[in-house]
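K.L.:
Just the structure for this:
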Amino acid sequence: MINRRTSAASLAGLLLLVGLASTGCIQPIPVAEQTQNALATLYTHTPTFVAIPTNPPVQTNPQPTVASDPTTATIAQFIQSRNDAANNLVVWDQRPLGSDQVYGFSYTNLTGLPCAGFLLTGFVNGIWQPTNGAVVCAPQLGVPGIVGVMPFLASDGQPYTVTFGRVDNATVSAVALVYEDGSSDSVSVVNGGFMFVRVGITGATRITAIDALGNTVIADITQLPPA
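P.N.:
Model (predicted):
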């Protein structure tokens, strides 16, 4: 004999399942509807893209080129700052010195005496500007050669000694220099001018001018105080 309580419970459970199925709570979502929902989600959430330039900017070197160095007009202005005039100005040496540029030049001053000088320039506030320099002039006409020796600091703080001058003898082709520490050096003469640049602070004991055959033309060029 079937238990009436058990049958009633089973019947109630069956009715509950039928009721849930009729409300759609347990019905699976059709495949077409899933695809439609996924597409709707895709178009309502626009992805973010990073734009890649076709021509990326080129990083330029801030260090200026030699083409932007000062001209003879700048050197002439430097000479004028010494209350002199740059007659017959000739720039016979130009070379880099760390981040600076150094120049050697000759000219004739207001009284007609031969002079020589050097100019140091640095790249300051976007342009090349004179940062140091000096000149020497013969005390009188007829002096065969003049030279100046001067220590200075470059823009990076490195100390140097420059020896610069001129000789007024066409047979001189080179100048030899003996430093106070016993070391020596030599350079060619260009348009009568010459310049030595050495790291450190040192003086010169002897500066000799020689010809193409190595013969001494001037035994010891007169050293003058730079101005």
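K.L.:
got the buried residues for stretch 75-89?
P.N.:
75, 76, 78, 79, 82, 84, 86, 89 (16 or more other Cβ atoms under 10 Å). In this view, the C-beta of every residue, glycine as well, is placed from N, C-alpha and C.
K.L.:
Would you double-check that the second one falls in a helix?
P.N.:
It refers to residue 76. Yes - assigned with DSSP: H, G, I helix; E, B strand; the rest coil, residue 76 falls within a helix.
K.L.:
With just CA atoms, put the helix or strand where residue 136 lies into PDB.
P.N.:
Here residue 136, judged by DSSP states H and E, is contained in strand 127-137. Backbone C-alpha positions of strand 127-137 (Å, rounded to 0.1, in the frame of the first residue of the first chain) are rendered in PDB as follows:
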ATOM      1  CA  ILE A 127      75.800  80.700 -29.200                       C
ATOM      2  CA  TRP A 128      79.600  80.600 -29.400                       C
ATOM      3  CA  GLN A 129      81.000  83.300 -27.100                       C
ATOM      4  CA  PRO A 130      84.600  84.400 -26.300                       C
ATOM      5  CA  THR A 131      85.500  83.100 -22.800                       C
ATOM      6  CA  ASN A 132      89.200  83.800 -22.700                       C
ATOM      7  CA  GLY A 133      92.100  85.200 -24.800                       C
ATOM      8  CA  ALA A 134      95.100  87.400 -24.900                       C
ATOM      9  CA  VAL A 135      97.400  89.200 -27.300                       C
ATOM     10  CA  VAL A 136     101.100  90.200 -27.500                       C
ATOM     11  CA  CYS A 137     102.600  92.900 -29.600                       C
END
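K.L.:
contacting residues around the helix or strand encompassing residue 173?
P.N.:
Assigning secondary structure by DSSP H and E places residue 173 in strand 172-179. By Cβ atoms under 8 Å, 6 or more residues apart in numbering, the surrounding residues in contact with strand 172-179 are 145, 163, 165, 167, 184-189, 192, 194, 196, 198, 202-212, 217-218, 221.
K.L.:
Sort out for me which of these are in helices.
P.N.:
Using DSSP state H, no member of these falls in helices.
K.L.:
Out of the residues you listed, which end up buried?
P.N.:
Judged by 16+ other Cβ under 10 Å, buried ones among the contacts of strand 172-179: 145, 163, 165, 167, 187, 189, 192, 194, 196, 198, 202, 204, 207-210, 217-218, 221.
K.L.:
Quick one: end-to-end distance for stretch 162-178.
P.N.:
End-to-end distance for stretch 162-178: 13 Å, by Cα to Cα, to the nearest Å.
K.L.:
what mean pLDDT would you report for that stretch?
P.N.:
Per-residue pLDDT over stretch 162-178 has a mean of 97.
K.L.:
Which parts of the protein are strands?
P.N.:
87-97, 100-108, 114-124, 127-137, 145-153, 159-167, 172-179, 184-188, 193-199, 204-211, 216-218, 222-223 (DSSP state E).
K.L.:
Output those strands in a markdown table, with distance to residue 71 appended to each entry.
P.N.:
Listed next are the strands of the chain as a markdown table, based on distance: least, Cβ to Cβ, whole Å:
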| stretch | distance to residue 71 |
| --- | --- |
| strand 87-97 | 9 |
| strand 100-108 | 10 |
| strand 114-124 | 11 |
| strand 127-137 | 10 |
| strand 145-153 | 22 |
| strand 159-167 | 19 |
| strand 172-179 | 26 |
| strand 184-188 | 24 |
| strand 193-199 | 17 |
| strand 204-211 | 29 |
| strand 216-218 | 32 |
| strand 222-223 | 30 |
